[in-house]
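*Asks:* This is a predicted model, with the sequence first.
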Amino acid sequence: MTVLDRRLHAFRDDLADAALAGQVAAPRFVAGRPARVTAPIADLRRAPRPDAGLDTQLLLGDDVLVFEDIEGFAWVQAERDGYVGYVGSEALSARADNPTHIVSAPRTFIYPGPDMKLPALRALSLGSRLAVTGLEERRGTSYALLASGEAVVAIHLRQMDDHVPDYVAVAELLLNVPYLWGGVSAFGIDCSGLVQLSMRLAGRDVLRDSDMQAASIGRSLDAASDKRRGDLVFWKGHAAIMTDPGTILHANGRTMTVALEPLAAAIERIGYLYGEPTGFRRP
């Protein structure tokens with residue numbers, strides 16, 4: 001049998017995705033059931049327990065395939081990046097209207113109606129996807145209306161196909177967001193989550209973990225070659241975005257935030273414990 005990455009292929013000793021029949025051994029194969037994330041953020045864990053480690057997160061509007069749903073947890077594969085894990089069943093529902101807009105502000109709110117003076121119901125992160133049914137202006141502010149009657153400030157949204165030209169500018173919006181292992185939202189994010197989320201707004205879906213990104217995004221650069229804004233730097237288990245030839249932006253464990261740092265200083269500091277950069281890539 002082919003050796004597959006369990007992070008990107010849904011198979012266990014007792015159950016596997018029907019698409020993997022003939023590639024993995026399992027007593028039972030099932031086809032994934034389409035579902036959509038309806039919670040603002042859904043934690044994707046490595047085991048069906050609330051105390052299990054956080055591998056990544058799903059955002060409102062993300063689509064998944066559900067292979068098993070039992071005792072409050074669904075075993076799913078995210079369609080956007082292929083990641084497999086366990087998410088609380090309450091965060092999912094059947095797919096209805098397809099999303100038309102994506103949140104482009106770092107954070108925004110859902111209101112019960114088109115009025116910012118109403119008590120906000122939920123907070124949403126950059127990258128969340130919504131199905132907008134109309135627009136309404138109230139006291140000079142335009143609101144995007146949802147099928148539920150709820151509303152979001154329209155200027156905080158972009159149409160799904162209206163991509164940001166500079167993904168680094170998106171990452172810069174997240175400066176000082178707190179570091180969260182496995183996080184991929186503007187409420188908490190890790191190094192590879194920062195790369196993935198910012199590229200998402202630029203219309204590019206990339207893989208989730210830093211080792212996956214280091215092997216798949218763009219093309220490899222020689223360490224001695226000139227670097228420019230948008231290039232990526234990788235260490236073992238870490239990723240950073242270059243904002244200019246001498247500066248990186250990264251979610252890191254030193255400041256426990258998304259922070260700017262001179263590249264040379266980062267190489268020296270990180271090298272003390274984890275060695276030199278393993279590679280540079282240009283998306």
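*Replies:* All right, it came through fine.
*Asks:* Next up, identify which helix or strand the spatially closest residue to L145 that is not a sequence neighbour is on.
*Replies:* Distances taken as C-beta to C-beta, 6 or more residues apart in numbering place G134 nearest to L145, at 4.4 Å, with adjacent residues excluded. Glycine gets a C-beta too; all of them are placed from N, C-alpha and C. Element membership for G134 (DSSP states H and E) is strand 132-138.
*Asks:* Which elements pack onto that strand?
*Replies:* Here strand 132-138 touches strand 141-146, going by 3 or more C-beta pairs under 8 Å, 6 or more residues apart in numbering; DSSP states H and E.
*Asks:* what comes into contact with the next helix or strand after the strand it packs on?
*Replies:* Toward the C-terminus, strand 141-146 is succeeded by strand 151-153 as the next helix or strand (DSSP H and E). If you take C-beta atoms under 8 Å, 6 or more residues apart in numbering as the criterion, strand 151-153 is touched by 103, 108-116, 124, 130, 136, 141-146.
*Asks:* What residues sit buried inside stretch 227-247?
*Replies:* For stretch 227-247, burial by neighbour count (16 or more other C-beta atoms under 10 Å) applies to 227, 230-235, 238-243, 247.
*Asks:* Generate JSON lines for the residues you listed, with distance to A154 and pLDDT as supplementary columns.
*Replies:* Converted to JSON lines, these look like this (distance: C-beta to C-beta, whole Å; pLDDT from 0 to 100):
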{"residue": "K227", "distance to A154": "38", "pLDDT": "94"}
{"residue": "G230", "distance to A154": "29", "pLDDT": "98"}
{"residue": "D231", "distance to A154": "34", "pLDDT": "98"}
{"residue": "L232", "distance to A154": "33", "pLDDT": "98"}
{"residue": "V233", "distance to A154": "36", "pLDDT": "98"}
{"residue": "F234", "distance to A154": "38", "pLDDT": "98"}
{"residue": "W235", "distance to A154": "40", "pLDDT": "97"}
{"residue": "H238", "distance to A154": "37", "pLDDT": "97"}
{"residue": "A239", "distance to A154": "33", "pLDDT": "98"}
{"residue": "A240", "distance to A154": "33", "pLDDT": "98"}
{"residue": "I241", "distance to A154": "29", "pLDDT": "98"}
{"residue": "M242", "distance to A154": "33", "pLDDT": "98"}
{"residue": "T243", "distance to A154": "29", "pLDDT": "98"}
{"residue": "T247", "distance to A154": "34", "pLDDT": "98"}
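*Asks:* Which ones among those residues map onto helices?
*Replies:* Of these, none are assigned to helices by DSSP state H.
*Asks:* From the residues you listed, pick the one nearest A78.
*Replies:* Among the buried residues of stretch 227-247, A239 lies closest to A78 (C-beta to C-beta), at 18.9 Å.
*Asks:* Not counting sequence-adjacent ones, nearest residue to that closest one?
*Replies:* Using C-beta to C-beta, 6+ apart, the closest residue to A239 is S210 (4.3 Å).
*Asks:* and if you look at G188?
*Replies:* In space, and not counting its chain neighbours, G188 is closest to L180: 2.9 Å by C-beta to C-beta, 6+ apart.
*Asks:* count of neighbours near the one you found?
*Replies:* L180 has 17 neighbours, counted by other C-beta atoms under 10 Å.
*Asks:* What helices and strands are in contact with the helix or strand of the chain with the lowest mean pLDDT?
*Replies:* Least confident helix or strand, the chain: helix 263-274 with a mean of 92, by mean pLDDT, DSSP states H and E. If contacts are counted by 3+ C-beta pairs under 8 Å, 6+ apart, helix 263-274 sits against strand 232-235, strand 238-244, strand 247-252.
*Asks:* residue at max distance from the center of this structure?
*Replies:* Relative to the centre of the chain, the most outlying C-alpha is that of R139, 34.2 Å out, by C-alpha atoms, centre = their mean.
*Asks:* can you tell me how far it sits from L130?
*Replies:* Taking C-beta to C-beta, to the nearest Å as the measure, R139 falls 22 Å from L130.
*Asks:* Tally up the residues packed near H163, please.
*Replies:* 15.
*Asks:* Quick one: residues contacting it.
*Replies:* 201-203 are the contacts of H163 under C-beta under 8 Å, 6+ apart.
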